[in-house]
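Novice: Okay, here's the prediction I keep looking at, along with the sequence it came from:
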Amino acid sequence: MRTQIVAGNWKMNNDLMQTQALITDLKKQTQSSNAEVMIATTYTNLYSAFEALKLTNIEVVAQNMHFAKNGAYTGEISAGMLKSIGIETVILGHSERRAQFGETDALLAEKVNAALENNMRIIFCFGEELNDRKTDNHFNVVEGQIKNGLFHLPESAWNSIVLAYEPVWAIGTGETASPDQAQEIHKFIRETLENKYGVDVANSVSILYGGSVKPNNAKEIFSKPDVDGGLIGGAALNAIDFYAIVNAF
Ligand code: PGA
């Protein structure tokens, strides 16, 4: 059975005090869940969040990293630096990174390689824009992002990859893909994996849905056979809402 995962992406929200308060709230929620639980906080909060949550089943993950080991990359953070404070998982290719920071498929492939060289797990995000969906081009876009970012990898690397389908038009907009739309594309993603790597890899990779997942729609989305969890933005900033989503499994 595939791992079910609910990951909260806090984005550029919460300073140190606010992060500590949210973690205190999270710890009050039930700690036993059927899904793996992760939270992605900003660089400045990673170490304290890691320390505060290390005896719980909530994993602290990074929202981004650079591909180089070290060097003249002012303002950047390497995989080795994340590992040195205990961080084992990184989100790569979030649509905000792609759209606002010019991250291309080729750059993301380099980041993927660097994360894997450092034995990190990756939550690899991709998804179409509204116009792609309107013109029925979403399957092509998604397939291209997966192929260009990940299909250079050997089969063995897929143990360390989680996919997150996040239609850009649903992120932070209050609009979600319907459960059937999510299932349709998650199934397509699994078939795309199967064509390249075979059925065992395709059936073992967790594919998360992201885009305005809330307590009132999580259960229906997660009930779809090819949806293995969620990447949660806005609703992850409130511990009660976040755990209502975690407990939707
Ligand atoms: P949202 O964000 O839940 O606020 O739509 C999802 C994401 O960006 O991962």
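Specialist: Nice, thanks for sending it over. Model, not experiment: these values are computed from the prediction.

Novice: So for stretch 47-54, what gets flagged as buried?
Specialist: By neighbour count on 16 or more other C-beta atoms under 10 Å, the buried set for stretch 47-54 is Y47, S48, A49, F50, A52, L53. No exception for glycine: its C-beta is placed from N, CA and C like everyone else's.

Novice: same thing with stretch 57-71?
Specialist: Here stretch 57-71 shows I58, E59, V60, V61, A62, Q63, N64, M65, H66, F67 as buried, counting by 16+ other C-beta under 10 Å.

Novice: Tell me the one among the buried residues of stretch 47-54 nearest to S212.
Specialist: S212 has its nearest neighbour among the buried residues of stretch 47-54 in A49, at 24.2 Å by C-beta to C-beta.

Novice: how close does the closest one get to V61?
Specialist: Taking C-beta to C-beta, to the nearest Å as the measure, A49 falls 10 Å from V61.

Novice: got any residues that touch both of these two?
Specialist: I39 (C-beta atoms under 8 Å, 6 or more residues apart in numbering).

Novice: just to revisit the earlier point, just the ones of the buried residues of stretch 47-54 in helices?
Specialist: Y47, S48, A49, F50, A52, L53 (DSSP state H).

Novice: Helix or strand next in line after the lengthiest helix in the chain, which one?
Specialist: Longest helix of the chain, by residue count under DSSP H: helix 179-197. Where DSSP states H and E defines the elements, the next helix or strand beyond helix 179-197 is helix 199-204.

Novice: Okay, now the unreliable bits of this structure?
Specialist: 30-31 (pLDDT under 70).

Novice: How about the residues of it by the ligand?
Specialist: Within reach of the ligand by C-beta under 6 Å from any ligand atom, the chain has these residues: 9, 166, 171-172, 210-213, 231-235.

Novice: Can I get the residues you listed in TSV including neighbour count?
Specialist: Below are those laid out as TSV (neighbours: other C-beta atoms under 10 Å):
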residue	neighbour count
N9	26
E166	26
I171	22
G172	13
G210	26
G211	26
S212	20
V213	29
L231	27
I232	28
G233	22
G234	19
A235	20
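
Novice: Just the residues you listed: which are in helices?
Specialist: Among those, no member falls in helices (DSSP H).

Novice: As JSON lines, the residues you listed with distance to V90 would be great.
Specialist: Conversion of those to JSON lines gives the following (distance: C-beta to C-beta, whole Å):
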{"residue": "N9", "distance to V90": "12"}
{"residue": "E166", "distance to V90": "16"}
{"residue": "I171", "distance to V90": "19"}
{"residue": "G172", "distance to V90": "21"}
{"residue": "G210", "distance to V90": "16"}
{"residue": "G211", "distance to V90": "20"}
{"residue": "S212", "distance to V90": "23"}
{"residue": "V213", "distance to V90": "21"}
{"residue": "L231", "distance to V90": "13"}
{"residue": "I232", "distance to V90": "17"}
{"residue": "G233", "distance to V90": "17"}
{"residue": "G234", "distance to V90": "21"}
{"residue": "A235", "distance to V90": "22"}
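
Novice: Kind regards, and thank you for your time.
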